[in-house]
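S.K.: Compute the structure for the input listed below.
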Amino acid sequence: MMPSQKDATGKSMLVTENVVRDLVPLYFDGEASADSRALVEKWFASDPDFARSARKQSDAMGSLASVDAGAVSEESVRKALQRARKIILVREVSLGLAGALSLFFIAVAAFLALSPGGKSHEASHGTIALVICFLLAAANWAIYFNIRRQTVAGLP
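M.R.: Numbers count the residues shown, from 1 in each chain. You can find the predicted model right below:
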C-alpha cells in the first residue's frame, strides 16, 4: 500500500512503508509531530499486519529500555575490565613476538639464501634456527588471531 499525501505546496507525495517504518519509533516514544502521528495511524488502519508487527517490536524495545543498568555489580564490571586488560596485554605481546619472529625468520632465510655454501654444520644450524623461528612465529600469530576473536562479554 502506498497512500498519497499532500506536501506543504499541495503537491501529492508518495508515502511508502519505509517512510512509515522510520516514523514508528517516534510515534511510540510520543515524539512524533501531529502530522506524523496521523500518517502512522492511517497506515496502521490500512495495514493491520504492519500495525501488529510494529506494536510487537515496540513492546520488545520497551522491555529492553526497562532493564536496570544498575543491576550490574561494580565487582562484575571490575572483573570484566581486568579480564579485558589481560587479553589486550596478551594480544599485544603475541603480536609483537609474532612480528619480531617473522622479521627474524625473513632475515635468517635471506642470510641462508645469500651465504656462499659455507660449512655444512653451519648451514644445518641455520636451517634449524629457521624452522624454530618459523614455528614460534606461527604459534604467536595463531595466539594473536585466536584472541582477536574473543569478546569480553563471552568470557567466563
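S.K.: So which residues of the chain form helices?
M.R.: 17-29, 34-46, 48-65, 74-114, 120-149 (DSSP state H).
S.K.: so what secondary structure elements neighbour the third one?
M.R.: Using 3 or more CB pairs under 8 Å, 6 or more residues apart in numbering; DSSP states H and E as the contact criterion, the elements in contact with helix 48-65 are helix 17-29, helix 34-46. For the C-beta atoms, the positions are set from N, CA and C on the backbone; glycine is no exception.
S.K.: Now tabulate those helices in CSV and tack on distance to Leu89.
M.R.: Listed next are the helices and strands packed on helix 48-65 as CSV, based on distance: least, CB to CB, whole Å:
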stretch, distance to Leu89
helix 17-29, 41
helix 34-46, 51
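S.K.: Any idea which of the ones you listed gets closest to Lys79?
M.R.: Lys79 lies closest, by CB to CB, to one member of the helices and strands packed on helix 48-65: helix 17-29, at 34.9 Å.
S.K.: Next, the buried residues of the closest one.
M.R.: 19-20, 23-24, 27-28 (16 or more other CB atoms under 10 Å).
S.K.: Return the alpha-carbon coordinates of that helix using PDB.
M.R.: Extracted C-alpha coordinates of helix 17-29, given in PDB (Å, rounded to 0.1, in the frame of the first residue of the first chain):
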ATOM      1  CA  GLU A  17       6.100   1.600   4.100                       C
ATOM      2  CA  ASN A  18       9.800   2.500   4.700                       C
ATOM      3  CA  VAL A  19       8.800   6.100   5.400                       C
ATOM      4  CA  VAL A  20       6.200   4.900   8.000                       C
ATOM      5  CA  ARG A  21       8.800   2.500   9.500                       C
ATOM      6  CA  ASP A  22      11.100   5.400  10.100                       C
ATOM      7  CA  LEU A  23       8.300   7.200  11.900                       C
ATOM      8  CA  VAL A  24       7.100   4.300  14.100                       C
ATOM      9  CA  PRO A  25       9.800   4.700  16.800                       C
ATOM     10  CA  LEU A  26       9.000   8.400  17.100                       C
ATOM     11  CA  TYR A  27       5.300   7.500  17.200                       C
ATOM     12  CA  PHE A  28       5.600   5.000  20.100                       C
ATOM     13  CA  ASP A  29       8.000   7.300  22.000                       C
END
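S.K.: got a list of contacts for that helix?
M.R.: 1-2, 32, 36-37, 39-40, 43, 47, 50, 54, 57-58, 61-62 (CB atoms under 8 Å, 6 or more residues apart in numbering).
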